[in-house]
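1. What follows is a predicted protein model with its sequence.
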Amino acid sequence: MEAKSTQDEYKQVREDLKQLREDMANLTRTFSEGQKSNISNLRDEIRKESREAFDQVRQKGNDALNRAKDAGDKAVHDVEHKIEERPFLSVVIMFLVGVLVGKLLDR
C-alpha cells in the first residue's frame with residue numbers, strides 16, 4: 001500500500017512539474033509579447049519626438065537664414081544709398097582700394 005501511495009505521489013509531482021513548465025512557458029510568452037508591445041510603443045514615441053525636434057531645428061534654421069538675408073539686403077541697400085549720396089567720393093574710395101589691393105598683390 002505504501003508503494004502505491006509513493007507512486008501516486010510521484011505521479012502527482014510529475015504532473016505538477018508538467019503544469020509548472022506549461023505555466024512558465026505561458027508566463028515567458030506573455031512577458032515577451034508585453035515587452036514587444038512596449039518596445040514598439042517606445043519606438044513610435046522616439047520617432048515622433050525625433051520628427052518634432054527636427055521640425056523645430058529646421059524652423060530655427062529657416063528663421064536664422066531669413067534674418068541673415070534681411071541683414072544682407074539692408075547692408076546692400078545702405079551701401080547703395082551711400083553711393084547715391086556721394087557718387088564722386090565713392091568712385092575715389094573704390095579707386096584707392098583698388099590701388100591698395102594691387103600694391104599688396106604685387107609683393
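-> Received it, and whenever you're ready, just let me know what you need.
2. so which helix or strand takes in the residue minimising distance to the centre of the chain?
-> Among the residues of the chain, the smallest C-alpha distance to the mean C-alpha position (C-alpha atoms, centre = their mean) belongs to Ser50, namely 4.5 Å. Using DSSP states H and E, Ser50 sits in helix 2-85.
3. gap between the residue nearest to the centre of the chain and Phe31?
-> Here Ser50 is placed at a distance of 28 Å from Phe31 (C-beta to C-beta, to the nearest Å). Any C-beta I mention is one placed from the backbone N, CA and C, and that applies to glycine too.
4. For the residue nearest to the centre of the chain, which residues are in contact?
-> Contact analysis of Ser50 by C-beta atoms under 8 Å, 6 or more residues apart in numbering lists nothing.
5. do you know how far it is from Ser5?
-> Summarising the geometry, the distance separating Ser50 from Ser5, computed by C-beta to C-beta, is 66 Å.
6. can you check Lys60 too?
-> Using C-beta to C-beta, we find Lys60 at a distance of 80 Å from Ser5.
7. tally of neighbours for Asp16?
-> The number of residues packed near Asp16 is 10, by other C-beta atoms under 10 Å.
8. Also the one 3 residues further on?
-> Here the neighbour count serves as a burial measure; for Gln19 (other C-beta under 10 Å) it reads 10.
9. now do Ala71
-> Other residues within reach of Ala71, judged by other C-beta under 10 Å, total 10.
10. Mind pulling up the pLDDT for it?
-> As predicted, Ala71 sits at a pLDDT of 93.
11. Over to Glu2?
-> At Glu2, the model reports a pLDDT of 65.
12. Next: Tyr10.
-> What the model reports as pLDDT for Tyr10 is 83.
13. how much space between it and Asp23?
-> Shown here: Tyr10 relative to Asp23, a distance of 20 Å by C-beta to C-beta.
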